[in-house]
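*Asks:* Sequence plus the predicted model coming up.
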Amino acid sequence: MHSLTLEDLEKYWGKKDVYFVDLRSESDYKQGHFEGAVHLGADIDEKKLERLIPNKNATLITYCNNSLYPTRMIALTYSCLPQFISLGYKNVYTLEPIWRGKGNMPDISKYKHWVKQQ
């Protein structure tokens, strides 16, 4: 499986055909998300995905609640991966949980590419 750390994301900002795909609820997305992220949510709908990301050779970087803080939920980034692949998307990455192995809980809202609702 392709996975990226928060630090790895730096090389993807501003690149053509790179999409940050938010799999969280719409209300979570509205509270804050990565700069330029597209909201897909948990329901991977083929038509919606093709409308948001028509280029199947694009790089997709997925993230969900479990990527940002510890939860008791199943990580949507792992469960959606087979769906993206079966729909023909070849370059799909997941954001590793930013909190794993950290002594202090990282605050994603302080990340320079995080957009907070104002």
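*Replies:* The structure has been received and is ready for your questions. Residues are numbered from 1 along each chain as shown.

*Asks:* quick one: contacts of the helix or strand bottoming out on mean pLDDT in the chain?
*Replies:* Using mean pLDDT, DSSP states H and E, the weakest-scoring helix or strand in the chain turns out to be helix 65-68, at a mean of 83. Applying CB atoms under 8 Å, 6 or more residues apart in numbering, the external contacts of helix 65-68 come out as 24, 28, 71, 73-77, 94-99, 108. Where you see a C-beta, it was placed from the backbone N, CA and C, and this is true even at glycine.

*Asks:* Generate a ChimeraX selection restricted to the buried entries among these.
*Replies:* With 16 or more other CB atoms under 10 Å as the criterion, this ChimeraX line picks the buried residues out of the contacts of helix 65-68:
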select :24,28,75,76,77,94,95,96,97,98,99,108
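
*Asks:* So which of the contacts of helix 65-68 belong to strands?
*Replies:* Counting by DSSP state E, the part of those found in strands is 94-95.

*Asks:* Which two among the contacts of helix 65-68 are spaced furthest apart?
*Replies:* Ile74 and Ile108 (19.8 Å; CB to CB).

*Asks:* Lys30 against Gln117, yeah?
*Replies:* Yes - between Lys30 and Gln117 there is a contact under CB atoms under 8 Å: 5.5 Å.

*Asks:* can you tell me how far Gly88 sits from Lys48?
*Replies:* Between Gly88 and Lys48 the distance is 15 Å, computed by CB to CB, to the nearest Å.

*Asks:* That's all I had, so thanks and see you.
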